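*Asks:* For reference, the sequence and a predicted model appear below.
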There are 2 protein chains.
Amino acid sequence: MTFPTIAVVGGTGNLGAAIAWRLARAGYPVIIGSRGAESAEKAAAELGHGLRGATNADAASAAEIVIVTVPFAAQDSTLAGIAPHVVGKLVVDTTVPLVPPKVMRVQLPAEGSAALKAQAVLGEGVTLVSAFHNVAAHKLAKDVDVGCDVLVFGDDKAARGRVVALADAMGLRGLHGGALANSAAAEAMTSILIFLNKTYKVDGAGIRITGDLVPIEE
Amino acid sequence: MTFPTIAVVGGTGNLGAAIAWRLARAGYPVIIGSRGAESAEKAAAELGHGLRGATNADAASAAEIVIVTVPFAAQDSTLAGIAPHVVGKLVVDTTVPLVPPKVMRVQLPAEGSAALKAQAVLGEGVTLVSAFHNVAAHKLAKDVDVGCDVLVFGDDKAARGRVVALADAMGLRGLHGGALANSAAAEAMTSILIFLNKTYKVDGAGIRITGDLVPIEE
C-alpha cells in the first residue's frame, strides 16, 4: 500500500481540518493549505499526526491528490489560484453550493452543480472527483461514528475508486455515485440535512444507503 | 382519525399500485386512476382491500388528496388532464425526472425539479407536495421492510405534514424535507440509487437519514 501525499486546500476550515486529521491519522502524508502559510502551520501543529502547513498553492504543488474544502463563495477564486499547480493531478472538490442566508433551500448553480463548476474552472487537464458533501464536519473531527456514507462522483472510474478508498481509510463508507454530473444529488442533499437538523433537532444528520451492497473490486 | 379519499393517478403503474395498496390496507378509501377506466378497475380488483378504479379525471374529481405517479415523459399531459379537477386540493407529485436511456445520470429539468414543473402546470390554486421519489416500487408492493425514508417537500407545512402521515401509515418513515424547491435533492438521488443498484448489485437501494431525530408535533 502506498500513501500519496495529500493537500487539503482550505484545510484550516472545519471540514478541511477534519479530513486532514482523519487522513493523517490513517497514515497519509497530509499538507494543510490556507491563504497564509502561518495559519496553516499553526492548524497543522494543533492537529498533530505529522501534519504540515503551507499556502494553498504550495500545498497543491507538493501533493499528488488535492482536496478542496472551501465555502461556495470562495470556490472559483480558490480553484483559479491552485489551477497552475494541479495539472495532471486528482482534485477532489467538496464544495456544497449553499447560498446564505437560505442555506436550507436547494439552490444549485446554473452549471448544474458545484462540481461541474469546478471542472469548468480547472479545465480538462485535471481529473476531477467530488465527495464529502454530506458528512457533518464536527463529527468527522472527533473519534466517533459519523453515521454517514460518502457518495463519490466523477467521470473517471479509477479516480473515483481512489477517493472511495480515502473515505474508507477515514473510517467512513465510500460509495461510487456515478458521473460528475450526479454530484448535484449529494450537493442538494446537504440543504435537506441542514433543514432536518433544525426541524428534528438533530446534531448532524447524515445519509446511509440501504440495501445489500455487494463490494466491488477496485 | 379521519381517512380522506385518495386518488392515485397513474395507479396501474408499479409505484402507483404499490402506494394504493399500502394506503388501502391502512384503511384509506383509495381510487386507482388510469387513462382507461377498465384497466383501472381491473388493477383495483386485483389489489383488493376495497380499492376502486376510474379514469384519472374521475379519480381526481372524487378524491381529497391526489397522488400522481406517472413517468416523467407523461407528467405534463397527465397534470394538464387532471388540473380542472384538483383546484383547492392537495396534490402529491412523485415524478422523478429520469431521461432514458441515461437514467443513471442526474438530468434535472430547467425548472430545477419535476416538482417545480408540476407547480407551474397546476398553478397556485393547488397545494403541491412532492414525495416518494426514492422508494423501490417492487419492495413497496410487498409486505416487507422497504428500508427507505420518505422525504416530503412543499411550501405549505401543514400539507407536508399530511403527506408525512400518509408515508407513516404506509409503514415508512416520512420526514419533512423543506420547501418544494428542495425536491431536487430527492429527485436527483433516484438516479444515484439506480446507479448503486447496478454497480453494487443491490435489489432496490434506498436512503435513510441518520442521527437522533426528535419527533415533531404535526
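*Replies:* Done, it's in.
*Asks:* Please report how far the most centrally placed residue in chain A lies from A:K102.
*Replies:* Per Cα atoms, centre = their mean, the C-alpha nearest to the average position across chain A is that of A:T94, at 3.5 Å. In this view, A:T94 and A:K102 are 21 Å apart by Cβ to Cβ, to the nearest Å. All C-beta spots, glycine's among them, are computed from the backbone N, C-alpha and C.
*Asks:* A:A120 too?
*Replies:* For A:A120, the distance to A:K102 - Cβ to Cβ - is 24 Å.
*Asks:* Would you mind writing the CA trace of the biggest helix by length in chain A as PDB?
*Replies:* The longest helix of chain A (DSSP state H) is helix A:183-199. In PDB, the C-alpha atoms belonging to helix A:183-199 read as follows (Å, rounded to 0.1, in the frame of the first residue of the first chain):
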ATOM      1  CA  SER A 183     -22.800  15.400  -7.700                       C
ATOM      2  CA  ALA A 184     -25.900  17.500  -7.800                       C
ATOM      3  CA  ALA A 185     -27.800  14.900  -5.800                       C
ATOM      4  CA  ALA A 186     -25.300  15.000  -2.800                       C
ATOM      5  CA  GLU A 187     -24.800  18.700  -3.000                       C
ATOM      6  CA  ALA A 188     -28.500  19.300  -2.900                       C
ATOM      7  CA  MET A 189     -29.000  16.800  -0.100                       C
ATOM      8  CA  THR A 190     -26.800  19.000   2.200                       C
ATOM      9  CA  SER A 191     -29.500  21.600   2.400                       C
ATOM     10  CA  ILE A 192     -32.000  18.900   3.300                       C
ATOM     11  CA  LEU A 193     -29.700  17.700   6.100                       C
ATOM     12  CA  ILE A 194     -29.400  21.300   7.500                       C
ATOM     13  CA  PHE A 195     -33.200  21.500   7.300                       C
ATOM     14  CA  LEU A 196     -33.600  18.200   9.200                       C
ATOM     15  CA  ASN A 197     -31.000  19.300  11.800                       C
ATOM     16  CA  LYS A 198     -33.200  22.300  12.600                       C
ATOM     17  CA  THR A 199     -36.600  20.700  12.200                       C
END
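*Asks:* any idea of the mean pLDDT in it?
*Replies:* Average pLDDT, helix A:183-199: 98.
*Asks:* Which strands and helices lie in contact with that helix?
*Replies:* Helices and strands touching helix A:183-199, by 3 or more Cβ pairs under 8 Å, 6 or more residues apart in numbering or on different chains; DSSP states H and E, are helix A:114-122, strand A:127-130, strand A:149-154, strand A:173-178, strand A:206-210, strand B:173-178, helix B:183-199.
*Asks:* Make a markdown table out of the ones you listed and add distance to B:A205 and mean neighbour count.
*Replies:* Listed next are those as a markdown table, based on distance: least, Cβ to Cβ, whole Å; neighbours: other Cβ atoms under 10 Å in any protein chain shown:
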| stretch | distance to B:A205 | mean neighbour count |
| --- | --- | --- |
| helix A:114-122 | 21 | 22 |
| strand A:127-130 | 20 | 27 |
| strand A:149-154 | 11 | 28 |
| strand A:173-178 | 10 | 24 |
| strand A:206-210 | 5 | 22 |
| strand B:173-178 | 16 | 24 |
| helix B:183-199 | 4 | 26 |
